[in-house]
Each structure stands twice: as C-alpha cells, then as structure tokens.
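*Asks:* how would this look folded up:
(chains A and B)
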There are 2 protein chains.
Amino acid sequence: MLIIREASDIPLYLQLYQQIRDEIAAGRFPSCSKLPSSRQLAKELNVSRNTVEFAYQQLYAEGYLKSKPRSGFYVERLEPDKATAAAPERIPPPDDRSEPEEEPCRYDFQYGKLDPDCFPFAVWHKLTSQCLRNEKEGIMSYGDRQGEWGLRCEIAKYILAFRGIHCSPDQIVIGAGTQYCLSLLCQLIGAQTGAVAIEEPGHDGSRAVFGNYGFSIVPIGLEEDGIHVAQLEQSPARAVYITPSHQFPTGIIMPISKRLRLLEWAAKKNGIIIEDDYASHLRYNIKPIPSLRGIRNSENVVHVGSFSKSLSPALRLSYMVLPPALLDGYRRMFKDYVSTVPFLQQKTLELFMKEGHWERHLRRSTQLYKKKHELLLQSLQKYLGDRVAVYGKHAGVHLMLGVKAGLTEAQLIEKAAAEGVRVYPVSRHWFQPENYGDNMVLLGFSGIRDRDIDPGVRLLRKAWFGGRGDA
Amino acid sequence: MLIIREASDIPLYLQLYQQIRDEIAAGRFPSCSKLPSSRQLAKELNVSRNTVEFAYQQLYAEGYLKSKPRSGFYVERLEPDKATAAAPERIPPPDDRSEPEEEPCRYDFQYGKLDPDCFPFAVWHKLTSQCLRNEKEGIMSYGDRQGEWGLRCEIAKYILAFRGIHCSPDQIVIGAGTQYCLSLLCQLIGAQTGAVAIEEPGHDGSRAVFGNYGFSIVPIGLEEDGIHVAQLEQSPARAVYITPSHQFPTGIIMPISKRLRLLEWAAKKNGIIIEDDYASHLRYNIKPIPSLRGIRNSENVVHVGSFSKSLSPALRLSYMVLPPALLDGYRRMFKDYVSTVPFLQQKTLELFMKEGHWERHLRRSTQLYKKKHELLLQSLQKYLGDRVAVYGKHAGVHLMLGVKAGLTEAQLIEKAAAEGVRVYPVSRHWFQPENYGDNMVLLGFSGIRDRDIDPGVRLLRKAWFGGRGDA
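*Replies:* Here you go, the predicted model:
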C-alpha cells in the first residue's frame, strides 16, 4: 500500500518513487505487471499527475520499469531476492564511532613532527588568500601533470643555489610525497631492474614502496662514512636507494670521496642511484654537502627532495629530478596521469619561494632547530653522558641513541612511556632484524618545545637508570 | 691562487671553501699534501683565523680533507678527474625558458574543467583561514595515513545519504586522486588477479594505471544499457573497472537490472567490481541511481568517489570504500605509508561538509551545470539537429557527439579549432582503436561560460558543414 505524507520533508514524487521501488524489490509488484496509469494513481493518492510521472520516470531511468508505447509502464524482470536494498547493517553508522586516540604524553620526541612556531602562518595565509583571489581558473582545472610550471621553476632555482643541481624545470616532477615519487620511479625502472639495494638500516617507508612493487631488497650495511660500497659492488642490484646527506636513521653524512665512489659504481654498472635528500638543508655549524646529483651532472642519479622537513610534513609535496632517459620514460608511461598535488598549494608555495620568504624561512627554521639540537645534546650529556651513544649529530631533525642499560628497545620505550616520555623504535628500519643490536631508540627534536627537552631527557635517565629524575 | 673579495655578497669562509674545493677537485692541491695552518693562511689572506677554520671544517665534513691530530689538515685521496664539479651545462638555467603555452581558443569545450562561478570561494577562504588559525599542530604533522578521521566521518555520512552506502569511516581511504586510489588497489589485488576488464570505450586515465601495473586489459563492449555482461562472464577477468552512474565517455546510465547482474557475476566469480562513481551527483531531471556498493552491501565492490567533478578538480582528493577483506590487506601492505593529501585541505573540506556548505553547494552547482547542459542541448538541436548524434545526456559534465559529416575525429577537431572552437578527442578512450568509428568528439560543458555555448556550437556547424555560422 502506497502512503503519501504531505507533511513530510521528502518531496512527494520521491516518497512515491521510494515506495514503488521497495515494493518491486520485495516482489510485491510482480515483474511484467502493469502499473496504474499516472492519471489513475494520481487520483487515488490525491496528488498531481506530475508527481506520479516524475516517480515513474525515475523508476524507468533506473531500470525498475519498462515502457510500452501507448500502453504504459510495466515492472521489469528482477529476481526479487536480488533486488532487495542494502543488507542489514552490520556496521555502526559513522557517528557512533570516535577516533581511536593515542594516550597523551607529557614529553614527546616524535620524529617528523615540526614545531608550529617554525611555520610562517601569517605569510602562508596571506599568499593562500591571494591565490584564492587571483587563480580561480587554475583552482577549477586539473593543472599540469608534472606540477605547475612556475613552482618547478622555483624548485629548479632553489636546488641550483642550495644543492648544486643544474636542471631544467622540464626534468622536475612534483608529487604527493616522497613515497609517491618513489612509486612512479618503481614503475619506471621496474621493467629493467629486479633488485634494489637499500641501506641497512634504512628508511622503512621507502623500503616498503620498493617491496610492494616486487623489487627484491638487497640490504647493504653501513660503514662509518655511510653505505658499504664494496658490498654494493658485489651485489646484483643495479639500483640503490640512499640518504647521503643525513643517512636515515643513523644520521651519517656521506663524505665526498664515498659519493664519488658511488657515482663511479653507477657509471660502471649503468645503474641508478636514487638520492633521497630529505633533510639536507638542516645543517648545524656545517654547510650542506653538494648533492650526489650536483657533484656531477650524472645521468645515473635521480634526485628526490621534499618540503616535509623544511616547511611542513602535512603539505605532502615532494619532487624529483629525472635524468633525460628516465624523463622520456616518464612521459610515455604517465602521459594520461594527472597531478597528485592541489593547485592552490602549489601556487601558494610558488609565491612563497618567489617572493623570498622561502630563503628567510630556511634560515630562520634552521636556527630554531639548531637550538633544539643543541639543547638536546646538552641535556643528553648532562643526564646520560657516557651511558648513551649518540648518532647523527649536526644535521636533520632526529638523533639515534644507543642506550647502555641492558634493556631492549621495547623496554626502553615502555619504561620511558611510564615516565611520560615518548621515544620511538628504530628496529623497523632494519630489513633483517638480526642485524640490529636491539638497544636503540630514536628521538626526534623538531616537534618538541624547547623547554620540554631538558625535563624530558632527565626523565629518560630516571626511566632507564633509576633515581629520582632530578638534575 | 686563493682570492678573497671583501666586497662580495658571499661570506668570506664560503669563498675560501669554494676555492680550495675547486683546487682540490682540479688536482691542483695534490692528495695527501698538507694545507697551511689556519693561522698562517689567515695572515696570508688577511682574514680572521675563524674564517679559515670554518672553511677547513666544512671541507673536512665533506670529506675533501682529512685531519691528523696535532698536525693539521691534509688533502684526501680523490681521483682528480672524478672530483670535478658539475659537467658543463647543457641545459639552460630555469629562467631562460618559459612555459610552453597552448594557443588560446575563443570557445573551449574542455572536459574536466569547472566553472569558477561554481566554486564557493568566500566560504572556502573563511574555512581555510579558520584551519590555519586552529589546526597548527595538524599542519605540522604527517597526519593519518588513511586520511583524517573527521573527514572520513563526513564522507561516510555523505555516501550513506546520497549513494546508499553503509560503511564505517574505518573502511574509507582518502588519496590524492582516483588514479592514486586505483594504484593502491592495483597493488592490493595484483597478486591474485592477472586481468582486469574495462569498458570499451572506457576512461583512458584509469586504464593507464592498470596497464602500468602489468594487468592485462580485457576490453568489454557496451550495450545500450552499459557493459556487456555476457562478454564479461565469458572473459578470464576476475576484476572489472566500471563507471555505472555515467559511463565514461558514452554517458550511459546503467539500469538496476544490469547492476544486479554485475553483482551476481562478482559473487559467482568471487570477483572484484571497482565502481568509479566519478560524477554521480550530477543528474538533470532524474534522481541518482543507488551505487553498486549501495544496492547490496556487497563484499565484492570497491566504491571509488572523487571531489573533482563536484567541487574542484585541482583539489586532488578522492576516496575509496574498501570491503573488509581488502581493508585487511591495505593495512598490512601500506602500514608504513603516509597520506598523500594535505592536512589543511582535508580539514577545510571536513568543515565545509560538516557545516552544511557541501549539500548547499551540490544543489547549487547541479543547478548551474543543469543550465549549461540545457543550453548545450538546445544549441546542438538548433544548429546541428540530426547531423549529430548526442550521447550521454541528463548527467555529468560532458556529451559525446557523433558527427555525420564524413570527417574523421582529427578533422573535426582541426576544423573546429580553425573557427576558434576547441573540442576534444574520444579516440584515446578506446583500448582497441579498430572498435572506434573515428567520427566523434567530446564536448565538456562545465568549464565554458553560459553565453559562449550558443556561439560556440554555431561555429561548429560552420566548421563541419560550411556556411557562415549564423543562426
């Protein structure tokens, strides 16, 4: 029985449509049966004929009805048990669930988070507003697959000045994060290369990408000055993924001599070096070392950079510089792709760089992180001294600690948490866990407030070595 | 010879560093030779001793020098020909090149572009400002890999109300565009599935993703009501990618009976239906048809949606609803991945939806595109009448025209361009070009101004059928 409620918020035709649909779905209007004429039903329900026509037309468009000229509408042949609407809900509706939250922690040495005081909110807001006003066409279009031309020009200028890289904006591909750039690379080089060499330990998030693309991972150990090139030479890998400017997670800065050996290896093997330059601008007391790509204009190097450590991790904006051979492949393989980075953000960043804010921001934020770096080193020296080995000083936004407390990584983390301090595992960065001594943790210092560093480290001493946690 | 210029903008230590580095690289400082003491060189160059120390420290950090305790700095062993700086530039510096621009066109029926009048700039600006003020922590963090929880809740509510889909925000994955979502899916289902069925013609950008992931493409022809299910049943494919709500590019709306047959196929074959619901909200005179995922809560359907056609293509924001089995796989495979969509934009969209702007915007923009759709149909009828066949009416943001002028697609496009009208190829959407009659073009109507539609179509008549182009 069809019931129309005039008082309802739902339009009349829609009420009618839904009820007839449900009747058909439930099999109560047998297939091939004829529906009453719109005139007849309208009269019956005391609604306008248009209302019925609309409902019928909709049911017809959706395939519930068929139309016979000069006869009317008939129910389509649907197997009734199939036509029922959504199965009974097994999943609670959205509002019943709240986000699973992590327990708050007093002192959090989270890696990757940056200090909000380091972000130029006022300028960013001004430039965003400007783009929303002036770039309306761009905001309503798909934009350039490789990234906006203007932003690519700014990036080209930046990496020329700061990383010694000569390239045309043509060679730059902007993507939604380093993992996205790596995923394009995996597809590009996948066909020719079966194995990829990765530093051991190395960045888990990058390794995961290669693994998911079916590359076999060849872990290459580290020497004091970075990746063990002799091991690499003996491996079957023709591609290597490295973090030469600040090895992740150990923080080793690869010296020039080793960089040259790597380039040599690539030239000989016709190999590919994927250089992840993720935090190269953050040097404390030392100047950045030229990028691998910058030392020589090598055809074998893909340079990958990111704004995650320099501006904001939430921007999700990375770029890569492709050598001409790979660029040709990129253009063939991805010609039907669209960009993964919002236009508004690209344009805002372009203005930010063009108007000189970027260089000022780099200088300012390097000073801020340098201070945090010094505070952390001082606190570590003050409270933990020789009981920890500190890796990765003078650069980046994290340190790795080897803790001589006879505790495993899990215990170190747990005991710290019990004192309200969050430190992070490094084990995940080993491909072969047996290579790991299980006595280290990672401390990011870019997200913690200056004043929290000293008390945080003091509590680490208490957590790991007992005592009251006083100075 | 080292020359220090006091008047230069470059800091003294940096000048010194660069010159010594270049000398070493050129082999003019032989390896193992001792450098002058900092005191001595400072005196010689009339600079402070600190300046020299800084330069030496930098060269040491970069591996150009080695240090011998109580003796001083020595040049590292570098093979001179390898140490030379960047090769001579073959690429012009960034500023010498300007963006390759397309020729401007008076009347552009571009597909995918939206009318700036349809974007809620003022509200978007207000909400963006609000997020920049209130969400500083989020802007400095990596955020949730799957997308921000709050936005996933809003999307869950939206697709429940508008697409009949019951799901938990847990099942929603937000990504940088539909191609990105598809690329995750390809990796997820890749192992078990070798072939993917795709509508012929079908969306080239989506097909390209599957192709790049090594799937073999099985083109399935279209019947009047959409994909040829009998062909699909006979094919080896266990996965099918379809656009049931507005088939791309033909615009066919798949009726309920066929949708049920598809679900039946998937259930029998334990297959996967990837439902790209890209423009489902844009219906003119007819109500949206429930999504495949919404008809029954089928475990076999992955529902993919996008904000590109409804809000802005430049947002680069899509989402997919994963059935529980694939969700488990997603969590295993991508546990070390980070989100590809900027936090600021996710948060702005979340507020936009939460505060009711989204529903208002959908209503308003549907009215605006409905008007353009009507204007285009009227103009086509007025100027071209029976000389064109129009496909894909009553939905979406494009039409496909079969033109009975004895011209090929290329000729149609070229002749239109000669009159200042840009229309677009459809050939690229055929996997097997021999299936295509080569007499069609695609007209997007969402980006063109209302007042340009009539004169644009009038000129198409002139271009294709001669005459003066008058009414």
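
*Asks:* quick check: longest strand of chain A.
*Replies:* In chain A, with assignment by DSSP state E, the single longest strand is strand A:216-223.

*Asks:* for that one, which strands pair with it and how are they oriented?
*Replies:* Its sheet considered, strand A:216-223 pairs with strand A:195-200 (parallel), strand A:226-227 (antiparallel) by DSSP bridges.

*Asks:* mean pLDDT and mean neighbour count for those - can I get that in CSV?
*Replies:* Yep, even glycine has a C-beta here, placed from its N, CA and C like the rest. What follows is the strands paired with strand A:216-223, written out as CSV (pLDDT from 0 to 100; neighbours: other CB atoms under 10 Å in any protein chain shown):
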stretch, mean pLDDT, mean neighbour count
strand A:195-200, 96, 25
strand A:226-227, 96, 24
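
*Asks:* give me the beta-bridge partners of the spatially closest residue to A:Thr243 that is not a sequence neighbour?
*Replies:* Spatial nearest neighbour of A:Thr243, excluding adjacent residues (CB to CB, 6 or more residues apart in numbering or on different chains): A:Asp276 at 4.9 Å. Residues in a beta bridge with A:Asp276, per DSSP bridges, are A:Val304.

*Asks:* what score does the closest residue to chain B within the stretch 151-300 of chain A have for pLDDT?
*Replies:* Nearest residue of the stretch 151-300 of chain A to chain B: A:Pro255, at 2.3 Å (CB to the nearest CB). For A:Pro255, the pLDDT comes out at 89.

*Asks:* any idea how far A:Arg293 is from it?
*Replies:* According to CB to CB, to the nearest Å, A:Pro255 stands 17 Å off from A:Arg293.

*Asks:* likewise for A:Arg49?
*Replies:* Distance from A:Arg49 to A:Arg293, by CB to CB: 73 Å.

*Asks:* the more surrounded of those two?
*Replies:* Per other CB atoms under 10 Å in any protein chain shown, whichever of A:Arg49 and A:Arg293 has more neighbours is A:Arg293, with 27 against 14.

*Asks:* helices and strands around the strand or helix carrying A:Val173, which ones?
*Replies:* Following DSSP states H and E, one finds A:Val173 within strand A:172-175. Contacts defined by 3 or more CB pairs under 8 Å, 6 or more residues apart in numbering or on different chains; DSSP states H and E place strand A:172-175 against helix A:149-163, helix A:178-190, strand A:318-321.

*Asks:* buried ones in the longest one?
*Replies:* Spelled out, it's helix A:149-163. A:149-160, A:162-163 (16 or more other CB atoms under 10 Å in any protein chain shown).

*Asks:* so which of those are also by chain B?
*Replies:* Among the buried residues of helix A:149-163, the ones lying near chain B by CB under 8 Å from any CB of the partner chain are A:149-150, A:153, A:156-157, A:160.

*Asks:* make TSV from these and add pLDDT and distance to B:Leu401 to it.
*Replies:* Below are these laid out as TSV (pLDDT from 0 to 100; distance: CB to CB, whole Å):
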residue	pLDDT	distance to B:Leu401
A:Trp149	95	32
A:Gly150	95	35
A:Cys153	95	39
A:Ala156	93	42
A:Lys157	92	45
A:Leu160	87	48
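
*Asks:* max-length helix in chain A?
*Replies:* Using DSSP state H to define each element, chain A has its longest helix at helix A:357-383.

*Asks:* how about A:Ser235, phi and psi?
*Replies:* Dihedral pair for A:Ser235: phi -80, psi 160, per degrees, to the nearest 10.
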